[in-house]
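Novice: After the sequence you'll find the predicted model.
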Amino acid sequence: MEEAVSAADANRRFSVLLRGVREGNSYVVTSHGKPVARILPADAQEETTSGARSALLSRLAKQPVVDAGRWSRDELYED
């Protein structure tokens, strides 16, 4: 579970947050109560990216191929 931390607090306690990240914790940095960034272990992002890629490829493999026909260059670039 990610712990929410304000941007000002993250700035003051950055070294403490990094120690927490080394231990596997992750944090959501907020500004005026809205999430703006995540601080998480570097290897967690690779796992997330890999999972997202797998999910996307699986979804695309299940979708039927749509024949859109041939398009001219003008049709592709018209506003």
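Specialist: Yes, it's here.
Novice: Tell me which helix or strand comes right after the helix or strand that contains Ala61.
Specialist: Secondary-structure assignment from DSSP states H and E places Ala61 in helix 42-62. For helix 42-62, the succeeding helix or strand toward the C-terminus, using DSSP H and E, is helix 73-77.
Novice: Convert the C-alpha atoms of that following helix to CSV, please.
Specialist: This file holds the C-alpha atoms of helix 73-77, laid out as CSV (Å, rounded to 0.1, in the frame of the first residue of the first chain):
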residue,chain,number,x,y,z
ARG,A,73,-2.3,10.2,-48.5
ASP,A,74,-4.7,13.2,-48.6
GLU,A,75,-7.3,11.3,-46.5
LEU,A,76,-4.6,10.4,-44.0
TYR,A,77,-3.5,14.0,-43.5
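Novice: Off-centre distance for it?
Specialist: In terms of Cα atoms, centre = their mean, to the nearest Å, the centre of helix 73-77 is set 33 Å apart from its chain centre.
Novice: same question, stretch 64-72
Specialist: Centroid separation for stretch 64-72 versus its chain: 31 Å, with Cα atoms, centre = their mean.
Novice: Also stretch 30-37?
Specialist: With Cα atoms, centre = their mean, you get 15 Å for stretch 30-37.
Novice: residues in contact with it?
Specialist: Residues outside stretch 30-37 that contact it (Cβ atoms under 8 Å, 6 or more residues apart in numbering): Ala4, Val5, Ser6, Ala7, Val28, Val29. (C-beta placed from N, C-alpha, C; glycine too.)
Novice: Try it again at 6 Å.
Specialist: For stretch 30-37, contacts defined as Cβ atoms under 6 Å, 6 or more residues apart in numbering pick out Ala4, Ser6, Ala7, Val28, Val29.
Novice: secondary structure class for the fourth one?
Specialist: Translated: Val28. Three-state assignment for Val28 (DSSP: H, G, I helix; E, B strand; the rest coil): strand.
Novice: how far away is Ala37 from Arg70?
Specialist: From Ala37 across to Arg70, the span is 45 Å (Cβ to Cβ, to the nearest Å).
Novice: who has more neighbours, these two?
Specialist: Neighbours were tallied for Ala37 and for Arg70 using other Cβ atoms under 10 Å; the higher tally belongs to Ala37 (12 against 6).
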